[in-house]
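Asks: take this sequence and fold it.
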Amino acid sequence: MGKLIVIGGGAAGIFCAVNAARLDPSLQVTVLEKTGKLLSKVKVSGGGRCNVTHACFEIGEMAKRYPRGGQFVRKAFHRWFTTDTIGWFRERGVALKTEADGRMFPVSDSSQTIIDCLMKEVNLRGVEIRMMAEVKDVERMGAEGGAAVGDSTEDGSGSRFLVHLAGGRTLPADYVCIACGGYPKSGMFGWIERLGHSIEPPVPSLFTFNMPGHPVTKLMGVSVPEAQVKIAGSKLVEKGPLLITHWGLSGPVVLRLSAWGARELAGKEYNFMAQINWLAGASEQAVRERLQEIRYDWAAQKISSKNPWGLPQRLWEFFLSAAGIGGELRWADLPVAAQNRLVSQLCAGPFPVQGKTTFKEEFVTAGGVKLAEIDPNTGQSRKVPGLFFAGEILDVDGITGGFNFQHAWTSGWIAADTIGGYDRRG
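Replies: Next up is the predicted model:
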């Protein structure tokens, strides 16, 4: 009887555990979770609704949503894709719905539905859960990784691995799947490096932009449905909904930028200039021509009374103030110089960013175990037989929208299928 130890009780770890136990009922599966909570990210994801996956059904398109690991997931998705995830939950009585932006949530709008489904599988498959079980080291047994798989005893003889826990206890295992999530500091990967693996240094991804003391923060809560944000001096540019917060800028467009620019922005120590086009990327020439038309069409009206792009009124007044345009000025009296300043504010407003803020539950780490050392078709280490990886511990991260959870389900299932297959074959 083979023994699998899964390190980490998050989405990838639990999905690996329940599927491995389902595929091979003779397998003894134990999940080690260092905290007192299972599936903590599932619980808080999507404001407590759990963004399970994304309604993208073409592998090439889906792979483009991963700033790091796109080629890796492209191969993995041929084994387990969004359709498989949707079907897996549907077979267990959990229907998913698609929102306008492609994000998929349980129909119940509650992450507890996903947690209950997974925990029901844990109980059904006889998966053992050990809480407050922090792993300190994973030791390979013997020069070649141990004796025949499936012959391990309680003292670890005959097993491939000994898993060392805080407090001095050890557990034998024939297979180990490391699914402990990302680490914020390189030094925390030491026990994985001792197994022979290389680490891509971690940096934050999915964060918001801080602009301490900037007057725009007084407009907190104001949003626009489509803005273009560019990082000055780089090729980083994205379009999407933008939200002003009491600390700076947020919203999907900022989160996507932070993901694609995770390493570049870390290199700038999060001090850079964001240039914002508040009109969905309209050119300065087009905006200038529209303003010329308005000067005739609305000649007698106050400029502050309304704007031709339907921007929030507080935001429009902010732009007028920044351009030096008084609230009583009529369109017919708008000086050319002031008009040019307004065009610049609308199309390329400069906003100095000084720092970042973790975006609630969506926080993701870019970096982790180098992908060249992992087989995407099996989830197994190319260096250590019987050692598997799943989830965020790998150098894979997606933009916000359900992509990181899909990677968790995919990598967890692939490891489970490989382990279950190995053990079934003896």
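
Asks: now do the buried residues in the worst-scoring helix or strand of the chain on mean pLDDT.
Replies: Lowest by mean pLDDT, DSSP states H and E among the helices and strands of the chain is strand 356-358, with a mean of 87. By neighbour count with 16 or more other Cβ atoms under 10 Å, strand 356-358 contains the buried residues 356-357. For the C-beta atoms, the positions are set from N, CA and C on the backbone; glycine is no exception.

Asks: which stretches of the stretch 1-150 of the chain have low pLDDT?
Replies: In the predicted model of the stretch 1-150 of the chain, residues 142-150 satisfy pLDDT under 70.

Asks: show me where it has helices.
Replies: Assigned by DSSP state H, counting those that start in this stretch, the stretch 1-150 of the chain shows helices spanning 11-23, 40-48, 59-63, 70-76, 82-91, 111-125.

Asks: buried residues in the longest one?
Replies: I take that to be helix 111-125. Per 16+ other Cβ under 10 Å, helix 111-125 contains these buried residues: 111-115, 117-119, 121-122, 125.

Asks: quick one on the thing from earlier: what's the angle from the next helix or strand after the least confident helix or strand of the chain to helix 40-48?
Replies: Remark: after strand 356-358, the chain's next helix or strand is strand 364-369, criterion DSSP states H and E. Here the directions of strand 364-369 and helix 40-48 differ by 150 degrees (axes from the mean of the first three to the mean of the last three Cα atoms, to 10 degrees).

Asks: now do the helix or strand following strand 364-369: everything it contacts.
Replies: Counting by DSSP H and E, the next helix or strand C-terminal to strand 364-369 is strand 387-389. The contact list for strand 387-389 (Cβ atoms under 8 Å, 6 or more residues apart in numbering) reads 16, 138, 161, 175-179, 195, 369, 374, 378-381, 411, 415, 418-419.

Asks: quick one: mean pLDDT over strand 387-389.
Replies: On average, the pLDDT along strand 387-389 is 98.

Asks: next secondary structure element downstream of it?
Replies: For strand 387-389, the following helix or strand on the C-terminal side (DSSP H and E) is helix 403-425.

Asks: mind listing what's buried in that following helix?
Replies: For helix 403-425, a neighbour-count test (16+ other Cβ under 10 Å) marks 403-420, 422-423 as buried.

Asks: for stretch 162-175, buried residues please.
Replies: Under 16+ other Cβ under 10 Å, the buried positions of stretch 162-175 are 162-165, 171-175.

Asks: the residues you listed in strands, which ones?
Replies: Among these, the ones falling in strands (DSSP state E) are 162-165, 171-173, 175.

Asks: quick one, strands of the stretch 101-250 of the chain?
Replies: Using DSSP state E, counting those that start in this stretch, the strands of the stretch 101-250 of the chain run over 103-106, 128-130, 135-140, 161-165, 170-173, 175-178, 199-205, 207-210, 223-231, 237-244, 248-250.

Asks: most tightly packed of these?
Replies: Of all the strands of the stretch 101-250 of the chain, strand 175-178 carries the top mean neighbour count, a mean of 29, counting by mean count of other Cβ atoms under 10 Å.

Asks: beta partners of I199?
Replies: Listed beta-bridge partners, I199: V369 (assigned using DSSP bridges).

Asks: neighbours around the residue nearest to L38 when sequence neighbours are not counted, how many?
Replies: Leaving aside its sequence neighbours, L38 sits nearest to G9 (Cβ to Cβ, 6 or more residues apart in numbering; 4.2 Å). Residues lying near G9 (other Cβ atoms under 10 Å) number 26.

Asks: quick check: S250 touching T208?
Replies: Yes: the pair S250 / T208 is scored as a contact, 4.1 Å apart, by Cβ atoms under 8 Å.

Asks: show me what contacts G60?
Replies: By Cβ under 8 Å, 6+ apart, the residues touching G60 are R74.

Asks: how much space between it and A282?
Replies: Here G60 is placed at a distance of 30 Å from A282 (Cβ to Cβ, to the nearest Å).

Asks: same question, A17
Replies: Distance from A17 to A282, by Cβ to Cβ: 51 Å.

Asks: quick check: mean pLDDT of the helix or strand where R290 lies?
Replies: Element membership of R290 [criterion: DSSP H and E] is helix 284-297. In this model, helix 284-297 carries a mean pLDDT of 94.

Asks: now the element after that helix, going C-ward?
Replies: Per DSSP H and E, the helix or strand that comes after helix 284-297 is helix 313-322.

Asks: name the next helix or strand following that following helix along the chain.
Replies: Counting by DSSP H and E, what follows helix 313-322 is helix 336-348.

Asks: what about dumping the CA coordinates of that following helix to CSV?
Replies: This file holds the C-alpha atoms of helix 336-348, laid out as CSV (Å, rounded to 0.1, in the frame of the first residue of the first chain):
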residue,chain,number,x,y,z
VAL,A,336,-6.5,77.1,-26.3
ALA,A,337,-3.7,76.7,-23.7
ALA,A,338,-6.2,75.5,-21.1
GLN,A,339,-7.8,73.2,-23.6
ASN,A,340,-4.5,71.6,-24.3
ARG,A,341,-3.8,71.1,-20.6
LEU,A,342,-7.2,69.4,-20.3
VAL,A,343,-6.5,67.1,-23.3
SER,A,344,-3.2,66.1,-21.5
GLN,A,345,-5.0,65.4,-18.3
LEU,A,346,-7.6,63.2,-20.0
CYS,A,347,-5.2,61.3,-22.3
ALA,A,348,-1.9,61.1,-20.5
